[in-house]
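Participant: Got a sequence here, can you build the structure:
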Amino acid sequence: MIPCLNKKLFGIDCPGCGFQRSLILLLEGNFLDAFNMFPAIYTTILFVVYSIIHFFLKKKISLNILLILGIINVSIIILAYIIKINKLFN
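Facilitator: Model prediction:
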């Protein structure tokens with residue numbers, strides 16, 4: 001797996017830490033473990049699939065859907081990161 005540069009330099013997880021492990025857990029069928037590892041795994045996959053359909057396959061998917069998915073995804077990532085950092089320092 002690709003190492004996290006932020007964790008190597010500063011010793012603290014970045015907001016994306018856990019995504020690779022979560023994706024592997026998801027591919028192995030461990031859906032709950034994948035969610036616990038990286039809570040935004042499902043919204044990230046949905047966002048990527050919608051982006052591929054919209055930009056590469058030239059299907060007319062509303063940009064509003066992509067915008068909403070992006071906002072939800074970023075919100076989940078930030079919230080999960082804040083919770084992870086609070087647990088780390090408490």
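Participant: what number of residues lie near Leu23?
Facilitator: Neighbours of Leu23 under the rule other CB atoms under 10 Å: 17. Any C-beta I mention is one placed from the backbone N, CA and C, and that applies to glycine too.
Participant: What separation do you get for Leu25 and Met37?
Facilitator: Distance of Leu25 to Met37, given as CB to CB, to the nearest Å: 6 Å.
Participant: for this structure, where's the lowest mean pLDDT among helices and strands?
Facilitator: helix 5-10 (a mean of 85; mean pLDDT, DSSP states H and E).
Participant: Buried ones in stretch 26-46, by neighbour count?
Facilitator: Using 16 or more other CB atoms under 10 Å as the test for burial, stretch 26-46 gives Leu26, Ala34, Met37, Phe38, Pro39, Ala40, Ile41, Tyr42, Thr43, Thr44.
Participant: scratch that, stretch 48-60
Facilitator: Across stretch 48-60, burial judged by 16+ other CB under 10 Å covers Tyr50, His54.
Participant: How about residues contacting it?
Facilitator: Contact partners of stretch 48-60, identified using CB atoms under 8 Å, 6 or more residues apart in numbering, comprise Ile61, Leu63, Ile65, Leu66, Leu69.
Participant: so which of those would you say is closest to Gly16?
Facilitator: Leu69 (16.8 Å; CB to CB).
Participant: Which secondary structure state is assigned to the residue nearest to the closest one when sequence neighbours are not counted?
Facilitator: In space, Leu69 comes closest to Phe47 once its chain neighbours are excluded; the distance is 4.5 Å by CB to CB, 6 or more residues apart in numbering. Using DSSP: H, G, I helix; E, B strand; the rest coil, the structure places Phe47 in helix.
Participant: Just the buried subset of the contacts of stretch 48-60, please.
Facilitator: Buried subset of the contacts of stretch 48-60 (neighbour count, 16+ other CB under 10 Å): Leu66, Leu69.
Participant: quick one: which of the contacts of stretch 48-60 sit in helices?
Facilitator: Counted as lying in helices by DSSP state H, out of the contacts of stretch 48-60, are Leu63, Ile65, Leu66, Leu69.
Participant: and the last one, what does it touch?
Facilitator: Think Leu69. Counting by CB under 8 Å, 6+ apart, Leu69 has contacts Thr43, Leu46, Phe47, Tyr50.
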